[in-house]
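Asks: Quick one, what's the 3D model for this:
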Amino acid sequence: MGVRFKATHVVLAMLCAMYFITYVDRVNIGTAAGEIQKERGLSNTQLGLVFSAFAYPYLLFQVIGGWVGDHFGPRKTLFWCGMIWAAATIMTGFVNGLAALFVARFALGFGEGATFPTATRAMQYWTPANRRGFAQGLTHSFARLGNAVTPPVVALLILWLTWRGAFVVLGFVSLIWGVIWVWYFRNEPKEHASITEAELAALPPRPTGERPRVPWGPLLGRMWPVTLTYFCYGWCLWLYLNWLPLFFRTTTVSTSRIRRCSPPACSSPAWSATAWAACCRTRSSTAPATSAWRG
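Replies: Residues are numbered from 1 along each chain as shown. Prediction:
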């Protein structure tokens, strides 16, 4: 008799795969930047413009995309997001100028903007309240793992297929994920053919009736320090992810591989461990409703 995986675990694994793939597709440009710059004759200023093209729509659609995910559900939203970011990644392999490269990266930001807010909604539907912190930490650790493995993977693909072929291959991986997601996932766990009664009993009930008012004043007062911290973190993170591979082109291959990969690889288990600790604290000292805010 074959091993049977819980449907809730499969959904979490698919979300981990999504976080991994989205980070590979957003940071692959840094590893390929040297080859692109050499072929297209781009200056560092032009390359910086290409790097920034992803961030502008990503910022906007983090908010709008969250609303879309609430309105249409995670199944359709993440599928179409996957199709958009996959097409943008494939398109990157066929660009012939600065404008086309900018548009491809802009489309990538548009497609990926709604992914994380919508994935959080999927976790709310498919994860017990006292496990949401762990689910968030695990998925984010896979994002850091994507950071770590992208440089060597993209470098190998460039050696085998050129930088254009590397983007095409990575785009098709995203297409495959999107098809599997829309085939397997259901917005309502009870509609899934493989879920068990025990799994359903552990999941929180879906809210019904009128939504309670959100205390925006106190909430924003608590969130602005976290937002500021995350802004500083993102500033440093993307500076390194975009520009560090170009910097290491002047160093030896052996040291550059270690330096590129080791910090993200070390941060991946740290995310998981922190989330596990948060879940333990949640189970022992807070009500399940509190963890919904954390998730």
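Asks: for this protein, what spans make up the helices?
Replies: Read by DSSP state H, the chain holds these helices, from start to end of the chain: 7-40, 44-53, 55-72, 74-92, 98-112, 115-126, 132-184, 197-202, 216-247, 253-285, 288-294.
Asks: Throw those into a markdown table and include distance to Lys190, thanks.
Replies: Every C-beta, even on glycine, is put in place using the N, C-alpha and C of the backbone. A markdown table is the format used below for the helices of the chain (distance: least, C-beta to C-beta, whole Å):
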| stretch | distance to Lys190 |
| --- | --- |
| helix 7-40 | 11 |
| helix 44-53 | 42 |
| helix 55-72 | 19 |
| helix 74-92 | 14 |
| helix 98-112 | 30 |
| helix 115-126 | 10 |
| helix 132-184 | 15 |
| helix 197-202 | 6 |
| helix 216-247 | 31 |
| helix 253-285 | 24 |
| helix 288-294 | 19 |
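Asks: will you turn the ones you listed into TSV that also has mean neighbour count, distance to Glu210 and mean pLDDT?
Replies: Converted to TSV, those look like this (neighbours: other C-beta atoms under 10 Å; distance: least, C-beta to C-beta, whole Å; pLDDT from 0 to 100):
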stretch	mean neighbour count	distance to Glu210	mean pLDDT
helix 7-40	20	28	94
helix 44-53	16	41	93
helix 55-72	16	15	89
helix 74-92	22	23	97
helix 98-112	21	33	96
helix 115-126	22	18	93
helix 132-184	19	24	94
helix 197-202	12	25	89
helix 216-247	12	17	84
helix 253-285	15	27	47
helix 288-294	14	17	33
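Asks: confidence score at Ala129?
Replies: At Ala129, the model reports a pLDDT of 84.
Asks: Make sure it is actually in contact with Pro204.
Replies: Yes. Under the criterion of C-beta atoms under 8 Å, Ala129 makes contact with Pro204 at 5.0 Å.
Asks: neighbour-wise, which of those two wins?
Replies: Higher neighbour count among Ala129 and Pro204: Ala129, with 20 against 16, using other C-beta atoms under 10 Å.
Asks: where's the more buried one relative to Leu203, distance?
Replies: For Ala129, the distance to Leu203 equals 9 Å [C-beta to C-beta, to the nearest Å].
Asks: what do you get for Gln62?
Replies: Counting by C-beta to C-beta - Gln62 and Leu203 are separated by 26 Å.
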